[in-house]
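> Let me see the structure of the following:
(2 chains)
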Amino acid sequence: MINRLTDSLDFQSQALALRAERQRLLASNIANADTPGYVARDLDFAAALRDATGTATAGAAVTAALRQALPGAGGFGASTEAHLRYAAPSQTNLDGNSVDMDRERASFADNSVKYEATLRFINGSVRSMLDAMKSPQQG
Amino acid sequence: MSMFKIFDVSGSAVSAQSQRLNVVASNLANADTVAGPGGQAYKARQVVFQTELMGALGAAGVRVAAVGEDNTPGRRVHDPKHPGADAEGYVTYSNVNTVEEMVNMISASRSYQNNLEVMNSAKSLLLKTLQMGQS
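Model prediction:
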């Protein structure tokens, strides 16, 4: 029974962990904006999330078998590595660096907002779960 | 929590950029130096950046691999009255290109600001994550 309650949180928590991974990746790109030969990388978020949860639509469909195959945050390194993509350079650079600062900053802001949105979704489900647990006498 | 690595990554970048800024400052300060230590004219220095892996996947920081010297010949000016003039009356100045150094300085300070901003937003996201489920 308690599994059913927390199932809806699983999807959001996977998404949150992937957002954190992408945030770190973008921070690395921004940090290496002046390093010769550095190639910018990004995460294929949709594919990584589909892989991590087994479905792209609902977290409720996470089966027990899949959860065994991906034991929480421990399995994340391997699952995200397959979804790392090299960014196509928009302007070629003589030193071989392919970081496009405008794109990286836009992606960073976009990822921050979506991370916060995921946090709010989690907070919302926790709040409604707590509300459901309250007895009618409680405010 | 993988977000904590952002502070390592951006912190290494900030320190590398501040080292670059330091080198630019010493180059600019010596732009008109006639003789440096050892009797030679001052040679412009440049930092060499290198990616440094920070343990976790996709966490790539920066480090200063080397500080190289620019070996182009210095500016020679004919000025026989100058105390630093050689037998032919030429004074050798440092090979610092002031315009290049100014560009370098702007680029370094912009990168420094970018990385600071990254750290600030990572910090605010982490603080919000700490309050998860409390509101």
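> And the longest helix out of those in chain B, what does it pack against?
Looking only at chain B and at elements set by DSSP state H, the helix with the highest residue count is helix B:98-130. Using 3 or more Cβ pairs under 8 Å, 6 or more residues apart in numbering or on different chains; DSSP states H and E as the contact criterion, the secondary-structure elements in contact with helix B:98-130 are helix A:2-31, helix A:101-133, helix B:5-29. (Glycine included, C-beta is placed from N, CA and C.)
> Show me what residue of chain A gets nearest to chain B.
Nearest to chain B in chain A, going by Cβ to the nearest Cβ, is A:A31, at a distance of 3.5 Å.
> Could you count how many residues lie near the closest residue to that residue other than its chain neighbours?
Counting by Cβ to Cβ, 6 or more residues apart in numbering or on different chains, the nearest residue to A:A31 once its immediate chain neighbours are dropped is B:A13, at 3.5 Å. Neighbourhood size, B:A13 [other Cβ atoms under 10 Å in any protein chain shown]: 31.
> hang on, isn't B:A13 packed against B:N115?
Yes. Distance between B:A13 and B:N115: 4.5 Å, which falls inside the contact criterion (Cβ atoms under 8 Å).
> quick one: common contacting residues for the two?
Applying Cβ atoms under 8 Å, 6 or more residues apart in numbering or on different chains, one finds that B:A13 and B:N115 are jointly contacted by A:30-31.
> for chain B, which spans come out with low pLDDT?
In the prediction, chain B carries residues with pLDDT under 70 at positions B:1, B:36-38, B:56, B:135.
> The residue nearest the centre of chain B and A:P36: what is the separation?
By Cα atoms, centre = their mean, the mean C-alpha position of chain B lies nearest to B:R20, the distance being 0.7 Å. According to Cβ to Cβ, to the nearest Å, B:R20 stands 13 Å off from A:P36.
> Name the residues contacting each of these two.
In the contact map built from Cβ under 8 Å, 6+ apart, the residues linked to both B:R20 and A:P36 are B:F49.
> so A:S112 sits right up against A:Q23, yeah?
Yes. Proximity of A:S112 to A:Q23 meets the contact threshold set by Cβ under 8 Å, at 7.1 Å.
> Of the two, which one has the most company?
Neighbours of A:S112 and A:Q23, each counted by other Cβ under 10 Å, are more numerous for A:Q23; the result is 25 against 18.
> I'd assumed B:V67 was in a helix, is it?
No. B:V67: not assigned to a helix; according to DSSP: H, G, I helix; E, B strand; the rest coil it is strand.
> Look at it and say how many residues are nearby.
By the other Cβ under 10 Å criterion, the neighbourhood of B:V67 contains 13 residues.
> No more questions from me, cheers.
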